[in-house]
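Novice: Sequence and predicted model, in that order:
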Amino acid sequence: MQFARINDVTIHYQIIGAPADRPVIVFTNSLGTDFRIWRDVVVRLAGEFAIVLYDKRGHGLSDVGQLPSSIEDHATDLAGLLDLLSVKDAVICGLSVGGLIAQSLYHRRPDLVRALILCDTAHKIGTAESWNARIAAVEQNGIGSIVDAVMERWFTPAFRRPESTAYAGYCNMLTRQPVEGYVAACAAIRDADFTEVAKTIAVPTICIVGDQDGSTPPDLVLSTAKLISGARYEVIANCAHIPCVEQPEALTAIIRAFLTSIPPGEVSP
Ligand SMILES: O=C(O)CC1=CCC(=O)O1
């Protein structure tokens, strides 16, 4: 296990492969998850790319940090981690709130970003009312009180079978996040609007979405792709909000095809 102290926050991360030898992909995960969600993609890409995984503040083994915190704070954490690891020009793959963090990182530190993979994310996610209702429910009754509703957005019915041990495990992952970290991330998402930032993105970008995503549905992700000059758009079949868990093979194929299509010398393995 690897830990770094960044912006007074202990950040849990993992680095696989040598960044000096290979293009680097950095994975930044979604609300209520830690970096283990990327495992089935990472095992497919390891060897072709160097890979950086980390738990954003308030999730997994990372500290919650000072409250309140914003998407910009998350982006500053990620920039600090990449500086610490001497990683530049990385491909940033952000899932959901991770995609907001990726857009913010691009805005603040474009030198760190070679390409963007915006996965089940948007320029703006949800409404203030929906986030305030979620925050109130979690503060009053805990994360367990929202687990069924969240799982309906994360996974298709085929994945949400009661007898599935994987499904049970991801319910555990959600409910075991620290309440204050979860609530802080909900508030950060509520307060984030990257509409204007998205219009400035000038690196190769792909927007990917599950066809049954209940959190950032395909039409929302398409509207984000349309804000970004030259962005590609891909829909994954039989998939909801977390394709790295539900359809890792399809997601990996899209990531690989995207990265190998970028001009040689930029990100080709
Ligand atoms: O929990 C959800 O509804 C899904 C989600 C929204 C933002 C994020 O990161 O995950």
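Specialist: In hand now; what should we look at? Numbers count the residues shown, from 1 in each chain.
Novice: for the ligand, what are the nearby residues on the stretch 1-150 of the chain?
Specialist: Ser30, Leu31, Gly32, Ser96, Val97, Ile125, Val150 (C-beta under 6 Å from any ligand atom). In this view, the C-beta of every residue, glycine as well, is placed from N, C-alpha and C.
Novice: Just those: which are in helices?
Specialist: Val97, Val150 (DSSP state H).
Novice: now the residues of the stretch 1-150 of the chain next to the ligand in JSON lines, with neighbour count and pLDDT?
Specialist: Shown next, in JSON lines, are these (neighbours: other C-beta atoms under 10 Å; pLDDT from 0 to 100):
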{"residue": "Ser30", "neighbour count": "25", "pLDDT": "98"}
{"residue": "Leu31", "neighbour count": "26", "pLDDT": "98"}
{"residue": "Gly32", "neighbour count": "24", "pLDDT": "98"}
{"residue": "Ser96", "neighbour count": "27", "pLDDT": "98"}
{"residue": "Val97", "neighbour count": "26", "pLDDT": "98"}
{"residue": "Ile125", "neighbour count": "23", "pLDDT": "98"}
{"residue": "Val150", "neighbour count": "20", "pLDDT": "98"}
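Novice: Which one of the residues of the stretch 1-150 of the chain next to the ligand is nearest to Phe49?
Specialist: Ranked by distance to Phe49 (C-beta to C-beta), those are led by Ser30 at 20.6 Å.
Novice: from what I can see that closest one touches Gly98, true?
Specialist: Yes: counting by C-beta atoms under 8 Å, Ser30 does reach Gly98; the two are 5.8 Å apart.
Novice: now the strands: where do they sit in the stretch 151-269 of the chain?
Specialist: For the stretch 151-269 of the chain, applying DSSP state E, counting those that start in this stretch gives strands covering 205-210, 232-236.
Novice: With the stretch 1-150 of the chain instead?
Specialist: Along the stretch 1-150 of the chain, counting by DSSP E, counting those that start in this stretch, strands occupy 2-6, 9-16, 24-28, 50-54, 90-95, 113-119.
Novice: Adding distance to Met173 as columns, could you present those strands in a markdown table?
Specialist: Compiled in a markdown table, these are given as follows (distance: least, C-beta to C-beta, whole Å):
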| stretch | distance to Met173 |
| --- | --- |
| strand 2-6 | 19 |
| strand 9-16 | 14 |
| strand 24-28 | 15 |
| strand 50-54 | 14 |
| strand 90-95 | 13 |
| strand 113-119 | 17 |
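Novice: okay, those strands in CSV with distance to Cys186, mean pLDDT and mean neighbour count next?
Specialist: Output for the strands of the stretch 1-150 of the chain, formatted as CSV (distance: least, C-beta to C-beta, whole Å; pLDDT from 0 to 100; neighbours: other C-beta atoms under 10 Å):
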stretch, distance to Cys186, mean pLDDT, mean neighbour count
strand 2-6, 22, 98, 15
strand 9-16, 18, 98, 19
strand 24-28, 17, 98, 27
strand 50-54, 20, 97, 24
strand 90-95, 16, 98, 27
strand 113-119, 19, 98, 26
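Novice: for the ones you listed, which one sits closest to Val42?
Specialist: Each of the strands of the stretch 1-150 of the chain has some distance to Val42 by C-beta to C-beta; the shortest is strand 50-54, at 5.5 Å.
Novice: tell me the angle that closest one makes with strand 2-6.
Specialist: For strand 50-54 against strand 2-6, the angle by axes from the mean of the first three to the mean of the last three C-alpha atoms, to 10 degrees is 70 degrees.
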